[in-house]
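Q: would you be able to build a 3D model of this:
(chains A and B)
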Amino acid sequence: MEEQLAELAAKVAEMEAKGNLTNTMFAETYYYLTIPLMIIIHAGFLAYEMGASRAKNALSSGVKNILAFAFVIPAFYFFGWWVYWGFPTGFSLSEGPNGISGAAYANAIAWPWGESAAYMGPNTEDQIDGVFWGAFTLFAATTASIMSGAVIERIQTVGFVILAIILGGFSWTLAAAWGWHADGWLVQDWGVHDFGAAGLVHAVAAFFALGVLINLGPRIGKFNPDGTANHLAGHNMPFTATGLMLIVVGFWGFLMACLVVGGEAWSWGANFTTIYGTPTNLGALSFNILMGVAGGIIGAWLFTRDPFWMMSGALAGLISVASGLDIYFPSLTFIIAIVAGILLKPAATVLENMGIDDAVGAVTVHGTMGIYGMLMLGIFASGYPALTGAEAPTVSFVGQLVGIIVFVAIGFITGYVSSLVLKMLGMLRVPEAAEIAGLDTVKVPAQAYPEGIAASPPASQ
Amino acid sequence: MGFPFDTPTWDGVSGVIFVGGVNGPTLIYSIIAIAICIAALLYGNSVESDKYRKHK
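A: From the prediction side, this is the model:
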């Protein structure tokens, strides 16, 4: 009998070990797959911005996107990841209540040298840090792409790359440390809840872009002497609309990566949770992402009938509900998103009337809708626990308002100051002659359309 | 650089498996990589500025 019991115990232990291994491999695979899905966001931004550029600037806009992607990755490896783990409690760099933040903790896990390099390279005993870092790196690259569209057709390439490094490596990471990390002071003290990063990714990137746009100035020909604006149409609307749809596809990976897989030592529990440890799952995301996208498209269609704004409406709808994708009821999601789609074009017009040339409406889509989305959660989810635990801080309108003010300030101040420095160094805006000639002709050793875009006659039957 | 473990086999090896291990020149590699990024930006800016000068 004892022998049989011992044998049974051994089998149970073996099954438990296999179960744990399977769960660990699932978690690793889950986050790994979010990375190529998020790269689709960048494929989308690439197509979107090249299409939204005039033909003379199409490749130059694309080069900018490709380089931002490439440079943000090492920036996030060498210092961005440290910022996320070091800064949650603020500039004191002290340890937070969960013991997973502060300078000492970041030094132990996030520098790619010394003992902490064990977490920053191939390690058979660490199946999570690499894929976690990869997912966060793609969040970082996404912020750079959000800024990228606003500044097309007149920004210098290297100047833009430096801005992308600052935004992707520091600005949004600081916002994420404060408002997304469980030890973040905005979460702990104000109950800020921003599940899908409406504020800490979208609004931060958009207001960083606004700070840059103020120093960059409008494209030649955008505004008339009396201040009225001209529409500088991109050369390929189908390419732009397809790019926007690809961005929507990629955001499924982005939002998937906002979940924490359960059952691991680093998890909040046995099941899926948000990054705050509060309950949600992939089903919640499926309901609400689809309803948000649909609402945004319909709202924009009601007022514009324009495929550019309809697809921008899809993004606006998604961003407007991103903070509460984990807990919204889908019908409510749909209503919030429809309003976002309706507000989109008028909000863009307001910005344009202020003399800001945001070439693709990025500040409106990501910034205005990021603010709107954060505040809607403060209204509809007021009183909900913002964090796991018995005495968790709760979501409130005031808390969400404080959160979005901080996010906007981080984005705007860092974007304005860094672009001002680049402007003083002569690295921000291309010379007038180059802008008029077209940036592809000036600096890209390739042609977008070597045979032109001639219509070809149909084949005879 | 050489395999950092006692015998040239993966049998029984777990933990860090990257070349050099944590006691290897990780800091030197990282400094060189950062320097390359900075040099690439400086060179890129130089080339870009030259292109603009030619189109004045």
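
Q: which residues in chain B form strands?
A: Here chain B has no strands by DSSP state E.

Q: below-threshold pLDDT in it: ranges please.
A: B:1 (pLDDT under 70).

Q: quick one, grab the pLDDT at the closest residue to A:Trp190 other than its chain neighbours.
A: Using C-beta to C-beta, 6 or more residues apart in numbering or on different chains and skipping residues adjacent in sequence, the residue nearest A:Trp190 is A:Gly399, 4.0 Å away. (C-beta placed from N, C-alpha, C; glycine too.) A:Gly399 carries a pLDDT score of 97 in this model.

Q: burial count for A:Gly399?
A: 23 (other C-beta atoms under 10 Å in any protein chain shown).

Q: contacting residues for it?
A: A:Leu186, A:Trp190, A:Gly191, A:Val192, A:Gly378, A:Ala386, A:Pro393 (C-beta atoms under 8 Å, 6 or more residues apart in numbering or on different chains).

Q: how about the residues of chain B near chain A?
A: Residues of chain B lying close to chain A by C-beta under 8 Å from any C-beta of the partner chain are B:13-18, B:22, B:26-27, B:30, B:33-34, B:37, B:41, B:44-45, B:48, B:51-52, B:55-56.

Q: buried ones among those?
A: In the residues of chain B next to chain A, burial by neighbour count holds for B:16, B:18, B:22, B:26, B:30, B:34, B:37, B:41, B:44-45, B:48, B:51-52, B:55, counting by 16 or more other C-beta atoms under 10 Å in any protein chain shown.

Q: nearest residue to the residue positioned nearest the centre of chain B other than its sequence neighbours?
A: What sits nearest the mean C-alpha location of chain B, by C-alpha atoms, centre = their mean, is B:Ala33, with 3.7 Å. The spatial neighbour of B:Ala33 that comes closest, neighbours along the chain excluded (C-beta to C-beta, 6+ apart), is A:Pro74 at 6.6 Å.

Q: my read: that neighbour touches B:Cys37, true?
A: Yes: look at A:Pro74 against B:Cys37 with C-beta atoms under 8 Å: they come within range, at 5.7 Å.

Q: helix, strand, or coil at A:Leu315?
A: What DSSP: H, G, I helix; E, B strand; the rest coil gives for A:Leu315 is helix.

Q: which residues touch the residue in the stretch 351-461 of chain A positioned nearest to chain B?
A: At 4.3 Å from chain B, A:Lys443 is the closest residue in the stretch 351-461 of chain A, using C-beta to the nearest C-beta. By C-beta under 8 Å, 6+ apart, the contact set of A:Lys443 is A:Ser60, A:Thr157, A:Ala434, B:Glu48, B:Lys51, B:Tyr52.

Q: mind listing what B:Val13 touches?
A: If you count contacts by C-beta under 8 Å, 6+ apart, then B:Val13 has A:Thr124, B:Phe5 around it.

Q: separation between A:Leu282 and chain B?
A: As for A:Leu282, its distance to chain B is 32 Å (criterion: C-beta to the nearest C-beta, to the nearest Å).

Q: what is the burial count for that residue?
A: 12.

Q: again, but for A:Tyr32
A: Close neighbours of A:Tyr32, defined as other C-beta under 10 Å, add up to 14.

Q: tell me the pLDDT of it.
A: The model's pLDDT for A:Tyr32 equals 97.

Q: okay but it is in contact with A:Trp133, surely?
A: No: applying C-beta under 8 Å, one finds A:Tyr32 not in contact with A:Trp133, separated by 11.3 Å.

Q: what sits in contact with each of the two?
A: Counting by C-beta under 8 Å, 6+ apart, nothing touches both A:Tyr32 and A:Trp133.

Q: so A:Phe407 sits right up against A:Ala203, yeah?
A: Yes: judged on C-beta under 8 Å, A:Phe407 makes contact with A:Ala203 at a distance of 5.0 Å.

Q: give the residues shared as contacts by the two.
A: With C-beta under 8 Å, 6+ apart as the test, A:Phe407 and A:Ala203 both reach A:Gly370, A:Met374.

Q: helix or strand right after the helix or strand hosting A:Thr29?
A: Assigned by DSSP states H and E, A:Thr29 belongs to helix A:2-52. Helices and strands here follow DSSP H and E; after helix A:2-52, the next one along the chain is helix A:58-75.

Q: the inter-axis angle of that next one versus helix A:2-52?
A: Here the directions of helix A:58-75 and helix A:2-52 differ by 150 degrees (axes from the mean of the first three to the mean of the last three C-alpha atoms, to 10 degrees).

Q: now the helix or strand just after helix A:58-75: buried residues?
A: For helix A:58-75, the succeeding helix or strand toward the C-terminus, using DSSP H and E, is helix A:81-86. Under the neighbour-count criterion of 16+ other C-beta under 10 Å, helix A:81-86 has A:Trp81, A:Trp82, A:Val83, A:Tyr84, A:Trp85, A:Gly86 buried.

Q: who are the contact partners of the nearest residue to A:Val187 once chain neighbours are set aside?
A: Nearest residue to A:Val187, sequence neighbours excluded (C-beta to C-beta, 6+ apart): A:Leu387, at 5.8 Å. Applying C-beta under 8 Å, 6+ apart to A:Leu387 gives the contacts A:Ala182, A:Val187, A:Gln188, A:Gly191, A:Tyr276, A:Gly277, A:Thr278, A:Pro393.

Q: which one of the residues you listed is nearest to chain B?
A: When these are ranked by distance to chain B (C-beta to the nearest C-beta), A:Ala182 comes first, at 27.3 Å.

Q: do you know how far the closest one is from A:Ile371?
A: 24 Å (C-beta to C-beta, to the nearest Å).

Q: between the two, tell me which one has more neighbours.
A: A:Ile371 (24 against 21).

Q: what distance do you get for the closest residue to that one other than its chain neighbours to A:Asp194?
A: Excluding the flanking residues, the one nearest A:Ile371 by C-beta to C-beta, 6+ apart is A:Ile404, at 5.2 Å. Using C-beta to C-beta, A:Ile404 is found at 9 Å from A:Asp194.

Q: any chance you could map the helices in chain B?
A: Here chain B has its helices, by DSSP state H, at B:26-54.

Q: so A:Val63 touches A:Ile155, yeah?
A: No: under the criterion of C-beta under 8 Å, A:Val63 makes no contact with A:Ile155, lying 11.5 Å away.

Q: rewinding a little: the residue nearest to A:Ile371: how many residues sit nearby?
A: Using other C-beta under 10 Å, A:Ile404 is surrounded by 28 other residues.

Q: that older thread, overlap in contacts of A:Ile404 and A:Asp194?
A: In contact with both A:Ile404 and A:Asp194: A:Met374, using C-beta under 8 Å, 6+ apart.

Q: so for the helix or strand where A:Gly296 lies, what's the average pLDDT?
A: Secondary structure assigned from DSSP H and E places A:Gly296 in helix A:282-304. Helix A:282-304 shows a mean pLDDT of 96.
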